[in-house]
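Q: Below are the sequence and a predicted model; questions follow.
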2 protein chains.
Amino acid sequence: MSKIKATNVHWHEGHVGRAEREALLGQQGATIWFTGLSASGKSTVAFTLEHALVQRGHLAYVLDGDNIRHGLNKNLGFSAEDREENIRRIGEVAKLFADAGILTMTSFISPYRADRDKARSLHDSAGLAFVEVYCDPGIEVCERRDPKGLYRKARAGELKGFTGVDDPYEPPLTPELMLNTAACSPQECTVRIIELLERRGLIPPLEA
Amino acid sequence: MSKIKATNVHWHEGHVGRAEREALLGQQGATIWFTGLSASGKSTVAFTLEHALVQRGHLAYVLDGDNIRHGLNKNLGFSAEDREENIRRIGEVAKLFADAGILTMTSFISPYRADRDKARSLHDSAGLAFVEVYCDPGIEVCERRDPKGLYRKARAGELKGFTGVDDPYEPPLTPELMLNTAACSPQECTVRIIELLERRGLIPPLEA
């Protein structure tokens, strides 16, 4: 590694290229975009994947409601306009993370196809991988799980505009991966995503 | 490094802690917030620093007008309200990057003290380092440089609300570092920042 002394360092003023950061990290930056109904298992799989990647020595990070809705997007509500802006900003931030070389998971319902496709286009035009993962255990399973009691409230009319009840969810037509999170454990789902990341050359396969 | 096989992997569903990512990277995430007039040398120093850090094996990334104004903040103009929202979003994104373990440089004029202080508070409350670097070669030097002809236009009245001409710049009162970018080269400035990052324990010192 070069030393930072004016005598022997190569000084550059331009941008560090993506390839340099990726060589440093031994991985390619990418966005793994989870989509699916509330309680479909998006976050559980995303965090299981994050742990598995970090255990393998990869830099991974999850963008989810906890770190986005209370921060960057705290000035957005749930109107149609705000929902679109919510996903737009998430797409832009994920792109920045991926450009920095990070394996970035986004875990949001992201119900509208057009909004997800815009996020994909952003990545495509920058030459960054975008892996759409559709978590679908079936709405009955989501409703049965209902960890926050939201489906119950929505069915009772106490919550308006709830995706899957009185607001539409538009499933991806050609997602890179579809996970039946009722039939597969988070661990099994993670293995499938990791295999896909390996096949795409985003992370190297483990040595035998 | 652990192998991802269902038989010998430790599966976790919770969040990866900041410390785990920082151990992986051999650095602590932090935001190095450059502030100063147009043409004060912020971006030149930020990119020189980025190269120097990556050469040392560190993950560093610059957020600047190029990747923010044309992406995340492309729906913002230059009204007082939009300028504030511009810096607010940058502070939030920098915080996410720092939380991911990245040495993150932000290079924006960020003329208002209150807006910068909000970005600092965000980091403080998350236990993340925030290093404010004030680039000040003197406004005469900035105007003489004027690489984009903006000062000339602003003096001619063709550009309204230009910081330093007809819009105020509020210098930091207690920045972590003040750089006279007229007297010091980008390389010398970079060395000073790296020494500060070492003193703060954000990156390890080079081995002799």
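A: Noted; the coordinates are in hand. Numbering: from 1, shown residues only, chains lettered A, B, ... in the order given.

Q: Packing partners of the longest helix seen in chain A?
A: The residue-count maximum for a helix in chain A (DSSP state H) belongs to helix A:80-99. If contacts are counted by 3 or more C-beta pairs under 8 Å, 6 or more residues apart in numbering or on different chains; DSSP states H and E, helix A:80-99 sits against strand A:30-35, strand A:60-64, strand A:103-107, helix A:113-125, strand B:60-64, helix B:80-99. Where C-beta positions appear, they are placed from N, C-alpha and C, glycine not excepted.

Q: Export only the CA atoms of the first one, formatted as PDB.
A: Same thing as strand A:30-35. What follows is strand A:30-35, C-alpha atoms only, in PDB (Å, rounded to 0.1, in the frame of the first residue of the first chain):
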ATOM      1  CA  ALA A  30     -25.300  -3.400  -6.800                       C
ATOM      2  CA  THR A  31     -28.800  -2.800  -5.600                       C
ATOM      3  CA  ILE A  32     -30.900  -5.700  -4.500                       C
ATOM      4  CA  TRP A  33     -34.400  -4.300  -4.500                       C
ATOM      5  CA  PHE A  34     -36.900  -6.200  -2.400                       C
ATOM      6  CA  THR A  35     -40.500  -5.700  -3.100                       C
END
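
Q: hmm, that strand touching chain B?
A: No - using C-beta under 8 Å from any C-beta of the partner chain, strand A:30-35 stays clear of chain B, with a minimum separation of 13.6 Å.

Q: Residues in contact with that strand: which ones?
A: By C-beta atoms under 8 Å, 6 or more residues apart in numbering or on different chains, the residues outside strand A:30-35 that reach it are A:42-43, A:45-46, A:49, A:94-95, A:97-98, A:103-111, A:116, A:119-120, A:123, A:128-135, A:172, A:175, A:193, A:197, A:200, A:202.

Q: The next helix or strand after that strand versus strand A:30-35: what angle between them?
A: The helix or strand immediately downstream of strand A:30-35 is helix A:42-55, counting by DSSP states H and E. Following axes from the mean of the first three to the mean of the last three C-alpha atoms, to 10 degrees, one obtains 160 degrees for the angle between helix A:42-55 and strand A:30-35.

Q: Tell me the buried residues in helix A:42-55?
A: For helix A:42-55, a neighbour-count test (16 or more other C-beta atoms under 10 Å in any protein chain shown) marks A:42-55 as buried.

Q: again, but for stretch A:75-85
A: A:76, A:83, A:85.

Q: quick one on the thing from earlier: filter the contacts of strand A:30-35 down to the buried ones, PyMOL style.
A: Written as a PyMOL command, the selection of buried residues from the contacts of strand A:30-35, which uses 16+ other C-beta under 10 Å, is:
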select buried, chain A and resi 42+43+45+46+49+94+95+97+98+103+104+105+106+107+108+109+110+111+116+119+120+123+128+129+130+131+132+133+134+135+172+175+193+197+202
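
Q: got a list of contacts for the least confident helix or strand in chain A by mean pLDDT?
A: The helix or strand of chain A with the lowest confidence, counting by mean pLDDT, DSSP states H and E, is helix A:65-67 at a mean of 90. Contacts of helix A:65-67 with the rest of the structure, by C-beta under 8 Å, 6+ apart, involve A:107-108, B:96, B:99.
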